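K.L.:
my questions are about this predicted structure, shown below with the sequence.
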Amino acid sequence: MEDKNITSNAQLLNFSTSQFLILLLFTVYCLLSTENAFAEELKLQPLIDEALKSNHDLIVSGLKVSTSKYKIPQVQSLPDPMFMFGYQNEGYDRYTYGEMQGAQWMFSASQMFPFPGKLSLKGEMALRDSESLKALYESAKLTTIARIKELYYDLFLTYRDIDIIKDKNSLFSRIEDAAIARYSSGMAPQQEVLMAQTEKYMLLEKEEMLKQKLRSIEAMLNTTVGRDVNSPLGRPVEPVYVSYNPSMDELLKMSYSNSPLIKSREKMIASAKAKVNMAEKEYYPDFTIAGSVFERRGEFKDMWSLTTTINIPIFYKTKQKMAVLEAESALSEAKHELEAVKLMLSSNIRENYSMIKAAEKLTELYRNGLIPKAYQDFELAIAGYVTGKVEAITVITRLKSLIDYELLYWGQFTEREKATARLEAITAVSNQHSVRPALQNKIEASVIQGEKEK
């Protein structure tokens, strides 16, 4: 009986072991698959190209331009001619055609001709409106590109922050190990062990929050590109650092000469001027020319007539004059809108330019000063803690400072890239003139240097 139980337990143990191995292999496979998914590269330019083709707001904007072009030949065409036919009879008791002088069949054709210059002005108004829409379409393209870049850089930053959190979690493990060793030897209270472990859990909490942020940015990026929100995205390639050399004055000049928003407002002003001219033309009458034929029978001869009809603007004080004032007011409004756009662009240029310069100085400070020193400070603190010369709170504070500096470095690096993208959209000029000094790798180099010095 005991042999049977032993055999049964052995079989059960073997079965459980097999299940455990299968589960372990499956878990490893899933982890490797996940790593591969994260390892897929996401490049910026293909996203931009796809967004320019598939973004629905851009498609709608382009269709508005196409629709506006159909209006130009319509407004430049004459009104449709009119044709009239009828019969005139004398008396009510019988059909008197051929018997009475006034009995006749009547045929008439007429055509209205607007006063010279009105059709061309209507065509110019439609053309300027279409050109304004086209400029807005170009502006929408630049805005979409800038938006894609901003989301791409946000996604890159989130991945980078997660990497930093994971990397620094091992340093907290060193503090925890040192605390446990000191506690085991009676050199430190249990509170220091708990303190180190709590900081590790706080990093895990932060990592989970970053992962949630990652999914949110991916959804926004998919929407902007024109994909389904759940479409998979890879990990963004590290942005290439390109120095930004234009001065503030150069940016303002480029903006005033290239900005589609300014061009759109200029076209609106041109359209408003044409509307003023058109309203003034309405003081002049239109002409309607009509030719008629009166067919009679018997001893009565056929007749014909040629007439011209004009409209008399006798209510000009409440109609034509008000229309001119309305058009002049719209023209003034368009001019002020242009000035407002110039001021807005100037403000945005100044804001983003200042952001770039500040970010460059801060990244330089973090890269060459704060991060290497903070790393050395942490190494000295952990060495002192092991020997009992430094308290645990000091080591933890140094490590948290190091993490903050690295997060701030990449945050400023990303803000610089986003500000550059916004300036490119404002000036309609891409920043492609500089070289890459591999700025991104300087942190790792500083860390390696710190390890060598240690």
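P.N.:
Nice, I can see it.

K.L.:
I figured E124 hits A274, correct?
P.N.:
Yes: proximity of E124 to A274 meets the contact threshold set by Cβ atoms under 8 Å, at 4.5 Å. Heads up, the C-betas are built off the backbone N, CA and C, glycines and all.

K.L.:
which helix of this structure spans the most residues?
P.N.:
Longest helix of the chain, by residue count under DSSP state H: helix 118-184.

K.L.:
how far off centre is it?
P.N.:
9 Å (Cα atoms, centre = their mean, to the nearest Å).

K.L.:
which helices and strands does it pack with?
P.N.:
With contacts taken as 3 or more Cβ pairs under 8 Å, 6 or more residues apart in numbering; DSSP states H and E, helix 118-184 sits against helix 44-54, helix 56-75, helix 190-225, strand 235-236, helix 260-281, helix 371-386, helix 392-427.

K.L.:
what's the shortest one packed up against?
P.N.:
Counting contacts by 3+ Cβ pairs under 8 Å, 6+ apart, strand 235-236 packs against strand 41-42, helix 118-184.

K.L.:
between these, which gets nearest to Q320?
P.N.:
Q320 sits nearest to helix 118-184 of all the helices and strands packed on strand 235-236, at 12.7 Å, using Cβ to Cβ.

K.L.:
return the most buried member of the helices and strands packed on strand 235-236.
P.N.:
For the helices and strands packed on strand 235-236, the largest average neighbour count (mean count of other Cβ atoms under 10 Å) is found in helix 118-184, namely a mean of 19.

K.L.:
what's the angle from that helix to helix 392-427?
P.N.:
Helix 118-184 and helix 392-427 are oriented at 170 degrees to each other (axes from the mean of the first three to the mean of the last three Cα atoms, to 10 degrees).

K.L.:
tell me how far the closest residue to R350 other than its chain neighbours lies from I356.
P.N.:
In this structure, R350 finds its nearest non-sequential neighbour in M248, 6.8 Å apart by Cβ to Cβ, 6 or more residues apart in numbering. Distance of M248 to I356, given as Cβ to Cβ, to the nearest Å: 11 Å.

K.L.:
the two - which one has more neighbours?
P.N.:
Of the pair M248 and I356, I356 is the one with more neighbours under other Cβ atoms under 10 Å, namely 20 against 13.

K.L.:
give me the neighbour count for the nearest residue to the more buried one once chain neighbours are set aside.
P.N.:
Closest residue to I356 apart from its sequence neighbours, by Cβ to Cβ, 6+ apart: A419 at 4.9 Å. Neighbour count of A419, defined by other Cβ under 10 Å: 22.

K.L.:
check T67 too.
P.N.:
Neighbours of T67 using other Cβ under 10 Å come to 11.

K.L.:
looks to me like S231 is in a helix.
P.N.:
No: counting by DSSP: H, G, I helix; E, B strand; the rest coil, S231 is not part of a helix but coil.

K.L.:
can we start the residue count at 598 from this point?
P.N.:
Sure, I'll start numbering at 598, so the last one becomes S828.

K.L.:
I'd say it and L818 touch.
P.N.:
No: between S828 and L818 there is no contact under Cβ under 8 Å: 9.3 Å.

K.L.:
ok, the residue nearest to R947 - contacts?
P.N.:
Taking Cβ atoms under 8 Å, 6 or more residues apart in numbering, we find M845 in contact with I946, R947, Y950.

K.L.:
ok, now P713?
P.N.:
P713 makes contact with no residue, according to Cβ under 8 Å, 6+ apart.

K.L.:
is it part of a helix or strand, or is it coil?
P.N.:
Secondary structure assignment for P713 (three-state DSSP): coil.

K.L.:
give me the phi and psi for it.
P.N.:
phi -50, psi 130 (degrees, to the nearest 10).

K.L.:
in helices, which of the contacts of M845 appear?
P.N.:
Those of those lying in helices (DSSP H): I946, R947, Y950.

K.L.:
please list only the buried members of those.
P.N.:
Using 16 or more other Cβ atoms under 10 Å as the burial test, these include I946, Y950 as buried.

K.L.:
would JSON lines of the ones in helices among the contacts of M845 with distance to V657 and pLDDT be doable?
P.N.:
Putting these into JSON lines (distance: Cβ to Cβ, whole Å; pLDDT from 0 to 100) gives the following:
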{"residue": "I946", "distance to V657": "28", "pLDDT": "95"}
{"residue": "R947", "distance to V657": "32", "pLDDT": "95"}
{"residue": "Y950", "distance to V657": "32", "pLDDT": "95"}
